[in-house]
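Peer 1: build me a model from this:
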Amino acid sequence: MSETFVLITGAWHGGWAWRPVAEHLRAAGHRVLTPTLPGLHDGDDPTAYQLSDVADAIVDLVESNDLRDVTLVAHSWGGYPMTMAAPRLKDRLRKIVYWSAFVPAKGRTLNDEVPPHYTEMFEGLAAASGNNSVAMPFEVWQAAFMNDAPEDVQRIVHALMVPHPMQYFTTSVEPLDPAALGVPAAYVLSVGDIALPPGEFGWERFAERLGVTPIEAPGSHEACFTEPAGLAEAILKA
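Peer 2: Sure, this is the predicted structure:
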């Protein structure tokens with residue numbers, strides 16, 4: 001049966017990042033939309049938007065296209081705007097899927113959920129940027145985010161990313177209660193994902209927040225590039 005997927009990117013990425021996965025989902029007969037969100041288009045002013053504008057864009061995409069029975073899938077930071085948008089779309093949703101994504105808790109921003117060295121790095125980069133944005137350092141990207149790709153591929157993808165508005169990392173979101181929302185939620189976790197180190201700050205805690213067992217997918221935090229077929233399979237399984 002054909003389904004409709006809206007794929008929401010993580011920080012620094014545009015909708016282009018989902019294309020390898022989207023092609024696998026489309027080959028399986030599904031409709032797939034991969035929006036680039038406000039503040040993440042090439043040339044966007046990082047100071048011009050708030051996290052609520054990102055949620056508004058997701059809602060507008062679904063409503064303006066009159067999409068029904070939609071599965072929302074969010075990667076990493078994308079868990080924040082997806083969680084914000086979901087209650088407004090509940091009558092149009094089939095499922096919500098977090099892939100190696102943050103599941104918001106009450107009063108906690110993304111900066112509250114990452115190890116202190118990330119918080120310090122983000123704050124320092126934003127302060128030095130002149131426009132309150134965070135550009136991902138290549139060395140961090142290479143070692144922890146896309147660690148399962150050759151260096152030439154790492155550099156190509158890194159060069160495509162845009163600075164991320166810092167205010168998107170410092171805004172909290174009302175938590176999601178899937179039971180109260182009436183929409184099932186699932187969590188997909190890439191087994192080689194070390195963007196958050198295992199332990200206190202590991203990704204596993206977010207599946208626990210949802211009260212679900214994570215569905216494993218191959219690859220790193222950037223499996224959308226390195227393991228798109230396996231990731232698409234896990235998303236369909238979810």
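Peer 1: ok, and the closest non-adjacent residue to V54?
Peer 2: P81 (4.0 Å; CB to CB, 6 or more residues apart in numbering). For glycine as for every other residue, the C-beta is placed from the backbone atoms N, C-alpha and C.
Peer 1: what's the helix or strand for that neighbour?
Peer 2: For P81, the element it lies in under DSSP states H and E is helix 79-85.
Peer 1: which neighbouring elements make contact with the helix or strand just after that helix?
Peer 2: In the C-terminal direction, the helix or strand that comes right after helix 79-85 (DSSP H and E) is strand 93-101. Under the contact criterion of 3 or more CB pairs under 8 Å, 6 or more residues apart in numbering; DSSP states H and E, strand 93-101 touches strand 70-76, helix 79-85, strand 185-190, helix 204-210, helix 228-237.
Peer 1: pLDDT of strand 93-101, averaged?
Peer 2: Strand 93-101 comes out with an average pLDDT of 98.
Peer 1: also stretch 29-41?
Peer 2: On average, stretch 29-41 scores 98.
Peer 1: repeat that for stretch 107-117.
Peer 2: Mean per-residue pLDDT for stretch 107-117: 98.
Peer 1: what helices or strands is the helix holding P81 leaning on?
Peer 2: Short answer (3+ CB pairs under 8 Å, 6+ apart): helix 79-85 packs on helix 51-64, strand 70-76, strand 93-101.
Peer 1: any idea how far D45 lies from P163?
Peer 2: Going from D45 to P163 by CB to CB, to the nearest Å gives 10 Å.
Peer 1: that should have said W99, apologies.
Peer 2: Going from W99 to P163 by CB to CB gives 23 Å.
Peer 1: neighbour count: those two, which is higher?
Peer 2: Using other CB atoms under 10 Å as the criterion, W99 and P163 rank with W99 on top: 31 against 20.
Peer 1: so who does that one touch?
Peer 2: Shown in contact with W99 (CB atoms under 8 Å, 6 or more residues apart in numbering): V73, A74, H75, S76, Y187, V188, L189, S190, A217, L231, A234, I235.
Peer 1: local confidence estimate at M1?
Peer 2: pLDDT at M1 comes out at 78.
Peer 1: next one: the one 3 residues further on
Peer 2: The predicted local distance difference test score for T4 is 98.
Peer 1: number of nearby residues for it?
Peer 2: Other residues within reach of T4, judged by other CB under 10 Å, total 18.
Peer 1: ok, V140 next?
Peer 2: Each residue near V140 was counted by other CB under 10 Å, and the total is 14.
Peer 1: fine, thanks again, bye for now.
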